[in-house]
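Undergrad: need a structure here:
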Amino acid sequence: MVNENEKTLEGLRVAVQMEIDGKEFYLKASRESGNEMGRKLLENLSIEEDLHRQKFEQIYEILQQKKSWPGIKLEPTRRQQLKTLFAQQAEELGTGITALTTELDAVDTAMDMENKSYDFYKARSRTATFAAEKDFYKAVAAEETEHHKLLRDYYEYLKDPVQWFQQKEHPLMDGA
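TA: From the prediction side, this is the model:
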């Protein structure tokens, strides 16, 4: 019979592999991106995935030794940086961008990956043995939601930049 600690460690092994896979996907997609904004956004998301992996590995090592979830927090300091990066790049590129179908497909795949990661981390938070574990998985799930939102925004921008600017910039039409 598998004990609770082994279940927790197995969940961490899965999480580490998900983050490795995400990082590799984002790096590959960034190299294949047809525009600077896509490259920067996807590269930054690969960094986020790597930061998550590092935290999971740190927790794994501590759990193997102590058998208790450590008080490690996920610091969501990069979230605003990613939003700002996207907004700045969109402003610079304006509406004169065309997206290849492959780029839209890559972003769609990335959104699906983020959703699956979110589902996994939410499920782990519900079955967590330790309170700190529950909080940590909730925090990672929240970051995956933010990644999905950024990707959705980028997808909409690529599909129809003019419509995206109208929705995001809310231009006033005063008839003048």
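
Undergrad: Just the CA trace of stretch 41-59, in CSV.
TA: C-alpha atoms of stretch 41-59 as CSV (Å, rounded to 0.1, in the frame of the first residue of the first chain):
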residue,chain,number,x,y,z
LEU,A,41,6.0,36.3,-24.4
LEU,A,42,6.8,32.6,-25.0
GLU,A,43,10.4,32.9,-23.8
ASN,A,44,9.1,34.5,-20.6
LEU,A,45,6.5,31.8,-20.1
SER,A,46,9.3,29.2,-20.4
ILE,A,47,11.1,31.1,-17.6
GLU,A,48,7.9,30.9,-15.5
GLU,A,49,7.7,27.1,-16.1
ASP,A,50,11.3,26.7,-15.1
LEU,A,51,10.7,28.7,-11.9
HIS,A,52,7.8,26.4,-11.0
ARG,A,53,10.0,23.3,-11.7
GLN,A,54,12.7,24.6,-9.4
LYS,A,55,10.2,25.1,-6.6
PHE,A,56,8.7,21.7,-7.1
GLU,A,57,12.2,20.1,-7.0
GLN,A,58,13.1,22.0,-3.9
ILE,A,59,9.9,20.8,-2.2
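
Undergrad: Quick check: buried residues in it?
TA: By 16 or more other C-beta atoms under 10 Å, the buried positions in stretch 41-59 come out as 41-46, 48-53, 55-56, 59. Every residue, glycine included, has its C-beta placed from N, CA and C.

Undergrad: mean confidence for the one helix or strand A106 maps to?
TA: Using DSSP states H and E, A106 falls within helix 101-126. For helix 101-126, mean pLDDT rounds to 91.

Undergrad: picking up where we left off before, max pairwise distance over the buried residues of stretch 41-59: which two?
TA: Maximum pairwise distance in the buried residues of stretch 41-59, criterion C-beta to C-beta, is 27.4 Å, between L41 and I59.

Undergrad: Centre of the chain to the helix holding A106, how far?
TA: A distance of 8 Å separates the centroid of the chain from that of helix 101-126, by C-alpha atoms, centre = their mean, to the nearest Å.

Undergrad: continuing past it, what's the next helix or strand?
TA: Sequence order places helix 131-159 as the next helix or strand after helix 101-126, per DSSP H and E.

Undergrad: these two touch, right, I62 and P70?
TA: Yes - with contact defined as C-beta atoms under 8 Å, I62 counts as touching P70 (4.4 Å).
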